[in-house]
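A.B. asks: have a look at this fold, sequence not included:
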């Protein structure tokens, strides 16, 4: 399998170069030359497989040619040994025709563990194979950083540098990044918002000073194709447990950077029968405007109770645009070169596809709290603020008889401030496995929003 840039001005490369890189040299995102195709009969034949076996079957075509099937299967199995659930993910029914897919049973209690733990295993494999030191760079609004640190810190040939907006992540999320005591982990609190951190990371991957060095700099963010492809697996897993619904399954996805939602699109493109994807946003509604008004434009970031969705540009939306432009990289490059000064619209001939397959809904903080409280009062089930937007979207956009699976993106304890506002008197206890870790001294580096200073810090420590 080879990969090409969405913008068409970079050479095609194998999976290892996609994994061990960031943006393509032309600034685009890497895409597979084709999506593997699975028939419904083939998918149904996997119903008895364990999660890691299912993941191996679905994902192997993306790495074929660089990793043999036996080695890849072992890497996948190793990645998911860190999860509390034997199933890796858990499906919980919360009402008639409504489920939450709990994706937070990994080491950092967030859905990003599902992809990050495999990414860490793959990085270690290629680092050992090539004799290289790998430096992971990432920007986070909360969960990505902790997941990357957890996935990579145990590998001695990997260092992790995570930029996060100073004062704009929860205490829980910050402590997950700053209390590891690992010498190869560098949490960096940047005096900006998430988009400022993201912009700095993107700039670094286009910086010649970070190329041709004795270390390999790679992206931990959802722009890395390995994360998108891996997240597609649990869409298949869910279908196999609800396959009596046939082609009627709808997923409601709390959405920020659009990587999670694009994984659902990827599953559909591989042959999984999905009826619709519901895109749930908070007050930062760049994606809601894109789908409801056909207007994708950058906006100012507003800090909310669902901080992982506090974004103004959904980086992975470029991948969907590329597909909607019929993989015409020239058209996509022209649109992206004018963005964000000019907004982007979906081509007219694809608007029916968009409006039929994607629906969107936004929830403000008050609505998030109301949904958390309503669900807890009804069945005693606690939602985190991000998952609450997905439940709200499902209830608003789908009739009662439409089966909807909401992606449960994080353990509610990670957002205790919001939970305790929504349910007065509720005690958000930190899970036992993290209580001792959080007693450790916090170690992080506070830096201004200054590209040269951040770059110098990373190069000084990494080289």
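C.D. replies: Thanks, I have the structure now. Quantities reported herein were computed from a predicted structural model and do not represent experimental measurements.
A.B. asks: what's the neighbour count on residue 338?
C.D. replies: Residues near residue 338, counting by other C-beta atoms under 10 Å, number 11. In short, each C-beta sits where N, CA and C put it, glycine included.
A.B. asks: go on, the one 4 residues further on?
C.D. replies: If you count neighbours by other C-beta under 10 Å, residue 342 ends up with 10.
A.B. asks: same check, this time on residue 295
C.D. replies: Taking other C-beta under 10 Å as the criterion, the count of residues near residue 295 is 13.
A.B. asks: got a list of what it touches?
C.D. replies: By C-beta atoms under 8 Å, 6 or more residues apart in numbering, residue 295 lies in contact with 289, 343-345.
A.B. asks: what of residue 459?
C.D. replies: The contact partners of residue 459, by C-beta under 8 Å, 6+ apart, come to 209-210.
A.B. asks: kindly report the same for residue 305.
C.D. replies: Each residue near residue 305 by C-beta under 8 Å, 6+ apart is listed here: 282, 365, 368-369, 385, 415, 417-418, 421.
A.B. asks: go on, residue 306?
C.D. replies: 254, 282, 368, 385-386, 388-389, 415, 418.
A.B. asks: one more time with 6 Å
C.D. replies: When contacts are counted by C-beta atoms under 6 Å, 6 or more residues apart in numbering, residue 306 is found next to 282, 385-386.
A.B. asks: circling back to that earlier point, so which of the contacts of residue 305 belong to strands?
C.D. replies: With strands taken from DSSP state E, there is no overlap with those.
A.B. asks: possible to save those as a markdown table with pLDDT, distance to residue 205 and neighbour count?
C.D. replies: As requested, the contacts of residue 305 are arranged in a markdown table below (pLDDT from 0 to 100; distance: C-beta to C-beta, whole Å; neighbours: other C-beta atoms under 10 Å):
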| residue | pLDDT | distance to residue 205 | neighbour count |
| --- | --- | --- | --- |
| 282 | 97 | 28 | 29 |
| 365 | 97 | 34 | 17 |
| 368 | 98 | 33 | 28 |
| 369 | 98 | 38 | 19 |
| 385 | 97 | 31 | 31 |
| 415 | 89 | 30 | 29 |
| 417 | 87 | 34 | 13 |
| 418 | 92 | 33 | 25 |
| 421 | 93 | 38 | 17 |
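A.B. asks: tell me which of those residues is nearest to residue 120?
C.D. replies: Distance from residue 120 was checked for each of the contacts of residue 305 by C-beta to C-beta. The minimum falls on residue 415, at 24.7 Å.
A.B. asks: ramachandran angles for residue 278?
C.D. replies: For residue 278, the backbone dihedrals are phi -100, psi 130 (criterion: degrees, to the nearest 10).
A.B. asks: now it, nearest residue through space, not along the chain?
C.D. replies: When the adjacent residues along the chain are set aside, residue 278 lies closest to residue 252, with 4.0 Å between them (C-beta to C-beta, 6 or more residues apart in numbering).
A.B. asks: sec struct for that neighbour, please.
C.D. replies: Judged by DSSP: H, G, I helix; E, B strand; the rest coil, the three-state class of residue 252 is strand.
A.B. asks: what sits against it?
C.D. replies: Contacts were defined as C-beta under 6 Å, 6+ apart; by that measure residue 252 touches 278, 280, 390, 393-394, 404, 406.
A.B. asks: those strands in the stretch 301-450 of the chain, which residues are they?
C.D. replies: Residue ranges of the strands in the stretch 301-450 of the chain, as given by DSSP state E, counting those that start in this stretch, are 358-362, 404-408, 445-447.
A.B. asks: can you name the residues in contact with the last one?
C.D. replies: Read that as strand 445-447. If you take C-beta under 6 Å, 6+ apart as the criterion, strand 445-447 is touched by 188-190, 453-454.
A.B. asks: quick check on those residues: which are buried?
C.D. replies: By the neighbour-count criterion of 16 or more other C-beta atoms under 10 Å, the contacts of strand 445-447 include these buried positions: 188-190, 454.
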